[in-house]
Structures are given as C-alpha cells and as structure tokens.
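Undergrad: below: sequence and its predicted model.
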Amino acid sequence: MVHVLSRSYYADYLTSAIREESPWILEMRAGISLLATRNLVIRGKPVKIGFIIYLGPSPDRPKVGRVDPLILIREGNEWRIVDSIWTLGRLAGGSVASAFAQNPIILLDEPTAIRIVEEILPKVRGAGITKEEFVSELLSHAVENTSVIGERPSEEIRRILTALIPYLYEGEVDIRGKFNILLGGWTVEEFRKQFSLGLEAIRILEEEAQSRYDNLNQLVRIDEFISLREEDVSLVKEEASISQKISLGWIFYSLGRRPTGETFTKEYYNELDKRELESWIDPQNVKEWKEIMLNVVKDIIRDWISKRGDLLREEPEVDFKSSTLDRMVRSFYGEESKVSGSLEGFF
C-alpha cells in the first residue's frame, strides 16, 4: 500500500539513515536503485536531467553498482535521450563526461545542468528517441544498464548518496528509488534458536543456493541472517509516496584476492522472501518495528518450512550435486574422488 506524507519529513528520516545518525542504517548489500532528475525548460523545450544509480546483489559482481547520466529533451511528441557516459561525452564533450564520472551530482546543479543542455541542444538529433508513452515508465524507476562503463564500488555510491542529501528536499528535483534499511541481524546459531529452525533447514537453504554459485567456484555456507525494511520511494514536489516491505535474507562470505595480492572479503546477499505492509508505521517507533519484524520473519520461516516439509523430514543424506565442491575434492584427493552425501563433515 502506498502512503503519502510530507517530503521534508521523509527527507529528514532518509538523511539520518544515510549518515547513520539514527537507529536505522542503509543496507547496501541488499541493493539500491535511485533515479534523480531536475525539471527544466530550456529554449522552450521541457528537459529532465539527472542520473540513475543501480546496485544489485549480483553474485558475480558483489558490492559493485553503476551510475549513469539521464537527460531527456522533448521535441514535439518525442523525447531525445542521453543515457550513457559515452553519449554524454559525444554530445557535450569529453570534459563534461569526465566531470560527471567524478561527480554525478553536477547534473542536478541548476546552472551547470542548463549549460550542459545548451551544449547538447544543437546536436540533440544525435541522441536516441523514445515516444511520450514510454517516458513515464522510464522515469518510474531506475533501470539497470548492462554496459561496463559507469561501474562504481558500493563505497563510492554511498558517497554519492551523501552528496545527494540537499536535493532530497528540493521540489524541482524528482527522486524515485528503492532503499533497504537494516532491522535486525543474527548469526546462524542465534537465528536457529530464536526461530526454532533445525540444522537440516540451514543445510537445505545452502543446497538450494549452491547452483547459483557453482560457476564462481564458491561453496555456499550461511554466515548471517538479516531482516530489512524495503522502501519504495517517490519524492515529487512537496510529497513523498512510500510503500514498505519487510524482507528476510542471508549472507555468506568468502575471501577474494586483488591483483596486488591483497586479500579481501566478498559478501553475497540472498533474499529468502518478503512481505508488503498494509499500514504505515512511523520510522521513529523502534519498538513497533521490532515487533512487526519478528512476526513477519516468523511468518516467512513458517511458509518456507511448509513448502519443504518432505525434505525437512528426510535424513540429511540427499546428494549434494555441486560441481564446485566436486572440483575442490578432486583437486585435494585426486581425480577419482566424487562428491555425494551429507556435508556434515565440512561444518
């Protein structure tokens, strides 16, 4: 359900979450998407200019997102689109593309945005075209771009979000996005005890996820459970339209190695399920959020168990068909070794 409140009230709350100055922390591991555009009229043409942030919990690119420019210039019933750093550089010049790469916020600064659009206008026919009916869909959410140009680590995306804070309050800037706020976290043992979950259930969760990570040579082992408040947000003029969900996910960690030889930890987020909330709960009411979060997590676990009742009643001797583990064992014991049976010995 969508709830409408004042933009300034929600902006205050989100600002505190971004700066980690409240009980709520913005959880980047579960992903974030954001579309921010300033509305202008330049030489009689309606213009929307800004950028897209997309950071998904991708297994092959953990903690890596992307930031792309977005400029829409209306000509009659059509819109000309600039939606990549490459196109921005071709139409506005390499220095503009470089400046955007260093600081995407420049496209929301009104004087700078006007100068960039005026540079593009004489060459705008070199941009892509979309029809009026597709623009509302384009502007409704952040769309993932598959190009490698524009990739950013999550730490840099967080810095961009911090720089965006003044524009959360500005009525001439539309902001739409999806954020995840951390509600609770547990180790596996804490989670099992609190929600009465058996070891077999943890093992089945890991087995179900393993196929997604086999080609990355990762052996899945759950390290942490987390519950999140997912907020779908639209800040337009002086109003904020918000819908809320509570999700349950889990994380496993592995060590990676940089070309320099330095080791680092990779964090892989996996969502188990989520539930949409019907009634609005004030973010300041920490006690009520804790209660509803625990109830939703219990409901998700009950639903998950009911769908896997037969598996949970079986002895834990189901074949573990993981090519990752199979390769690990062969490399250790020799090519004739195979993998089957329980993974209890690895735990």
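TA: Received it, and whenever you're ready, just let me know what you need.

Undergrad: going forward, measure contacts and count neighbours with C-alpha atoms only.
TA: OK.

Undergrad: strands of the stretch 51-200 of the chain, residue ranges please.
TA: Here the stretch 51-200 of the chain has its strands, by DSSP state E, counting those that start in this stretch, at 64-75, 78-82, 128-131, 151-153, 173-187.

Undergrad: buried residues, stretch 105-118. List them.
TA: 105-108, 110, 113-114, 116-117 (16 or more other Cα atoms under 10 Å).

Undergrad: and Cys31, how many neighbours?
TA: You called it Cys, but residue 31 is Gly. Close neighbours of Gly31, defined as other Cα atoms under 10 Å, add up to 22.

Undergrad: related to what we said a few turns ago, just give me the lowest mean pLDDT stretch among the strands of the stretch 51-200 of the chain.
TA: Sorting the strands of the stretch 51-200 of the chain by mean pLDDT places strand 128-131 lowest, at a mean of 66.

Undergrad: remind me which residues of this structure are low pLDDT?
TA: Within the chain, the ranges that satisfy pLDDT under 70 run 126, 129-149, 310-347.

Undergrad: quick one: the helices in it?
TA: 7-19, 85-92, 94-102, 110-120, 132-138, 154-164, 188-195, 199-213, 286-307, 309-313, 323-333 (DSSP state H).

Undergrad: who wins for proximity to Gly56 among the ones you listed?
TA: helix 154-164 (10.1 Å; Cα to Cα).

Undergrad: next, the buried residues of that closest one.
TA: 154, 157, 160-161, 164.

Undergrad: which one of those residues is nearest Asn77?
TA: Using Cα to Cα, the buried residues of helix 154-164 come closest to Asn77 at Leu164, 31.3 Å.

Undergrad: related to what we said a few turns ago, ranking the helices of the chain by burial, who's on top?
TA: Across these, averaging neighbours per residue (mean count of other Cα atoms under 10 Å) puts helix 85-92 on top, at a mean of 19.

Undergrad: how far off helix 110-120 does that helix point, in degrees?
TA: 80 degrees (axes from the mean of the first three to the mean of the last three Cα atoms, to 10 degrees).

Undergrad: rewinding a little: let me have the helices of the chain in JSON lines, extended by distance to Thr37.
TA: Shown next, in JSON lines, are these (distance: least, Cα to Cα, whole Å):
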{"stretch": "helix 7-19", "distance to Thr37": "16"}
{"stretch": "helix 85-92", "distance to Thr37": "15"}
{"stretch": "helix 94-102", "distance to Thr37": "14"}
{"stretch": "helix 110-120", "distance to Thr37": "10"}
{"stretch": "helix 132-138", "distance to Thr37": "12"}
{"stretch": "helix 154-164", "distance to Thr37": "11"}
{"stretch": "helix 188-195", "distance to Thr37": "41"}
{"stretch": "helix 199-213", "distance to Thr37": "35"}
{"stretch": "helix 286-307", "distance to Thr37": "32"}
{"stretch": "helix 309-313", "distance to Thr37": "48"}
{"stretch": "helix 323-333", "distance to Thr37": "44"}
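
Undergrad: how about these, which one is nearest Glu238?
TA: helix 7-19 (5.1 Å).

Undergrad: Arg29 reaches Tyr269, doesn't it?
TA: Yes. Using Cα atoms under 8 Å, Arg29 makes contact with Tyr269 at a distance of 6.2 Å.

Undergrad: which one of these two has more residues nearby?
TA: Remark: of Arg29 and Tyr269, Tyr269 carries more neighbours, 25 against 20, as counted by other Cα under 10 Å.

Undergrad: how far away is the more buried one from Glu230?
TA: Distance, Tyr269 to Glu230, by Cα to Cα, to the nearest Å: 14 Å.

Undergrad: again with Leu255
TA: Leu255 sits 28 Å away from Glu230, taking Cα to Cα as the criterion.

Undergrad: neighbour count: those two, which is higher?
TA: Neighbours per residue, other Cα under 10 Å: of Leu255 and Glu230, the larger number sits with Glu230, 23 against 10.

Undergrad: what sits closest to Glu224 if chain neighbours are left out?
TA: Thr187 (4.7 Å; Cα to Cα, 6 or more residues apart in numbering).

Undergrad: let's have the strands of the stretch 51-200 of the chain in a markdown table, adding distance to Tyr54 and mean neighbour count.
TA: Compiled in a markdown table, these are given as follows (distance: least, Cα to Cα, whole Å; neighbours: other Cα atoms under 10 Å):
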| stretch | distance to Tyr54 | mean neighbour count |
| --- | --- | --- |
| strand 64-75 | 5 | 23 |
| strand 78-82 | 17 | 21 |
| strand 128-131 | 21 | 14 |
| strand 151-153 | 9 | 17 |
| strand 173-187 | 9 | 20 |
